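Colleague: have a look at this prediction, sequence included:
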Amino acid sequence: KDGDEWVKLNEDESMLYQLPINDTDFRYESLIYLLNTGDLFWHQTEGAYNLITDLKLLPSNLVDCNINTQNDLIGYYFDNLNGSQQKLSLEETAHIKYFNPTIEGLKSYRGMSPLQAGYNSLKASNNRLIAQAAIYENRGATNLISAGSDLVLSPKERDELQKNTDKILGGAKNFNKSIVSNKNLNVTQLGMSPTDLKLIESKDLDLRDICNLFGVPSTLFNDQAASTLDNLKVGTKLMYTDAIIPNNEIILNYFNEFIVPAYSEFENKELRISQDLSDVESLQQDELTKAQKQQTEVTTLLSIADSTTLTDEQKTALYNQLGYEL
């Protein structure tokens, strides 16, 4: 902070640039755990002057909370993949999480991911994909053409016919195919029922439900029914304002509260970490529109001022207040 203004420091002007938060892969993997599990764990290494000098990302599905008999959180356990367990203190562990209002969440000190909150939609989507795969796998041909006879087959004949039928009719390669023979024939329609069709068509609804959980527009994820050029432009902006920026802020708020103060004291500067959005084109378009609108308003106001009977002193004061010279 320089006076009342915040200015950007170069990499050689602050030690904060050395922390992994500046590494794209570290941030990406951190957000993956937060978004999918509701929890993010970092193991902090503290050096001299209370400065956090390193952060190690811990897979949240390998971390357990250490809770005493009074249900107070006193630390964490990290299960290494080699079978050993590491005991971590509260001071050396950063735990960032989504709020979990359930009784289990309050007792376990664990967060709730968007996928947990929308479990029914996620389960429906998974079940729909399983059902759709079964439809293609098992339905194969859409017509069964059989002999027009009332003779009952023996169990052996039925099993043999079933085996041959599965071989000829089954599989996605036979989808919408009819099998014929040279005997007295009947045709029975085996195509998908209206219920089956609705099951497949519902995939767009599942997609929108899951996108809503994360605050992202479904138009950016192949939702053809809702995709237009304007929707894609608006969707790109909403992706930043409703999903990317808020989730980045969750991490940055932790940094600015627990890590940055020690660096501010050590470097004798008032520091903060903020998001640099200057290269995000979809957000800059709004700033350009806003600037153009402000310019139009100022031009109109100045035109009105010139056409009224203001004194020279009043006009000079107005121009100065708007940041212009008369």
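Modeller: Looks like it arrived, so ask away.
Colleague: which of the three states applies to Gly111?
Modeller: With DSSP: H, G, I helix; E, B strand; the rest coil as the basis, Gly111 sits in coil.
Colleague: please report the number of neighbouring residues for it.
Modeller: 19 (other CB atoms under 10 Å). Using the backbone N, CA and C atoms, a C-beta is placed for each residue, glycine as well.
Colleague: repeat that for Pro114.
Modeller: Residues lying near Pro114 (other CB under 10 Å) number 17.
Colleague: correct me if wrong: it contacts Asp209.
Modeller: No - counting by CB atoms under 8 Å, Pro114 does not reach Asp209; the two are 10.8 Å apart.
Colleague: all helices of the stretch 1-150 of the chain, in order?
Modeller: Chain-ordered helices for the stretch 1-150 of the chain, with DSSP state H, counting those that start in this stretch as the definition, fall at 24-37, 103-108, 114-117, 119-139.
Colleague: report all helices and strands that the first one contacts.
Modeller: So that's helix 24-37. Contacts defined by 3 or more CB pairs under 8 Å, 6 or more residues apart in numbering; DSSP states H and E place helix 24-37 against strand 39-46, strand 52-58, helix 245-254.
Colleague: for that helix, list the C-alpha coordinates in PDB.
Modeller: In PDB, the C-alpha atoms belonging to helix 24-37 read as follows (Å, rounded to 0.1, in the frame of the first residue of the first chain):
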ATOM      1  CA  THR A  24      -0.600 -22.500 -11.600                       C
ATOM      2  CA  ASP A  25      -0.500 -26.200 -11.000                       C
ATOM      3  CA  PHE A  26      -0.500 -25.800  -7.200                       C
ATOM      4  CA  ARG A  27      -3.600 -23.500  -7.400                       C
ATOM      5  CA  TYR A  28      -5.300 -25.900  -9.900                       C
ATOM      6  CA  GLU A  29      -4.800 -29.000  -7.700                       C
ATOM      7  CA  SER A  30      -5.800 -27.100  -4.600                       C
ATOM      8  CA  LEU A  31      -9.100 -26.100  -6.200                       C
ATOM      9  CA  ILE A  32      -9.700 -29.600  -7.500                       C
ATOM     10  CA  TYR A  33      -9.700 -30.900  -3.900                       C
ATOM     11  CA  LEU A  34     -11.800 -28.100  -2.600                       C
ATOM     12  CA  LEU A  35     -14.400 -28.300  -5.300                       C
ATOM     13  CA  ASN A  36     -14.700 -32.100  -5.200                       C
ATOM     14  CA  THR A  37     -14.400 -32.900  -1.500                       C
END
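Colleague: so for it, mean pLDDT?
Modeller: Taken as a whole, helix 24-37 carries a mean pLDDT of 93.
Colleague: show me which residues of that helix are buried.
Modeller: 26-27, 30-31, 33-35, 37 (16 or more other CB atoms under 10 Å).
Colleague: export the residues you listed to CSV and tack on distance to Lys107?
Modeller: Formatted as CSV, the buried residues of helix 24-37 follow (distance: CB to CB, whole Å):
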residue, distance to Lys107
Phe26, 31
Arg27, 30
Ser30, 25
Leu31, 26
Tyr33, 21
Leu34, 21
Leu35, 23
Thr37, 17
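Colleague: in the protein, which spans are strands?
Modeller: 39-46, 52-58, 63-67, 73-79, 85-88, 93-97, 143-147, 185-189 (DSSP state E).
Colleague: before I go, just wanted to say thanks for your time.
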